[in-house]
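>>> After the sequence you'll find the predicted model.
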Amino acid sequence: MQFFLEVTLSGLLSGLMYSLVALGFVLIYKASGVFNFAQGAMVYFAALAVVGLMEKGMPMWAAIIGAFVVMILVGLATERFVLRKLVNQPPITLFMATIGLTFFLEGLGPLLFGSEVRPIDLGIVDEPIMSVMDSIGIGISKRLLQN
């Protein structure tokens, strides 16, 4: 029974994450008409920007704002130098351009911010609900029920 509950909870949470990714693809496609495969690389680049700016001594809130500004510039540059030049081209051309953008961002990120693994302290204490842990042996975070 414990295994069934763990797998069910894990599946629900994984499905939630997949649905958010799918929603991002749909929103971008409906807004621009381009199926943007660089979406994941852009999130990766933004995360590297946050960690890289925090290593430079910025507090987390300033690093998040800085990464937001960096990603605005990346988005504007993508539109100006990649997508604008491909207006009225076949959809496969735009599709391939976003795949190329993915490779470009996945190379540029480590080049600018480093490729070593670094921890990031979010300041979130993750404690299980002990009554659930003691009764059925599944660790469910207290943070899950607080929000």
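Here it is on my side, so go on.
>>> Distance of Leu27 relative to Ser135?
Between Leu27 and Ser135 the computed distance is 41 Å (Cβ to Cβ, to the nearest Å). All C-beta spots, glycine's among them, are computed from the backbone N, C-alpha and C.
>>> which ones are touching Gly24?
Applying Cβ atoms under 8 Å, 6 or more residues apart in numbering, we find Gly24 in contact with Gln39.
>>> Look at Leu27 and Ser135 and report which has more neighbours.
Comparing Leu27 with Ser135 by other Cβ atoms under 10 Å, the one with more neighbours is Leu27, at 12 against 9.
>>> pLDDT value on the more buried one, please?
pLDDT for Leu27: 90.
>>> Repeat that for Met71.
For Met71, the predicted pLDDT is 95.
>>> Surely it is in contact with Leu48?
No: if you go by Cβ atoms under 8 Å, Met71 and Leu48 don't touch, sitting 10.9 Å apart.
>>> neighbour count winner among these two?
A count of neighbours by other Cβ under 10 Å puts Leu48 above the other of Met71 and Leu48, at 22 against 15.
>>> Could you verify that that one is part of a strand?
No: under DSSP: H, G, I helix; E, B strand; the rest coil, Leu48 sits outside any strand and is assigned helix.
>>> pretty sure it is touching Pro110, no?
Yes: taking Cβ under 8 Å as the definition, Leu48 is a contact partner of Pro110 at 7.3 Å.
>>> what about stretch 48-67, start to end distance?
Using Cα to Cα, to the nearest Å, the end-to-end distance of stretch 48-67 comes out at 9 Å.
>>> Output the longest helix belonging to the protein.
Longest helix in the chain by number of residues (criterion: DSSP state H): helix 2-32.
>>> If we go by neighbour counts, what in that helix is buried?
Ile28 (16 or more other Cβ atoms under 10 Å).
>>> Could you do stretch 91-106 as well?
Buried residues in stretch 91-106 (16+ other Cβ under 10 Å): 94, 97-98, 101-102, 105.
>>> Tell me the one of the residues you listed nearest Gly15?
Thr102 (24.3 Å; Cβ to Cβ).
>>> Where does that closest one sit: helix, strand or coil?
helix.
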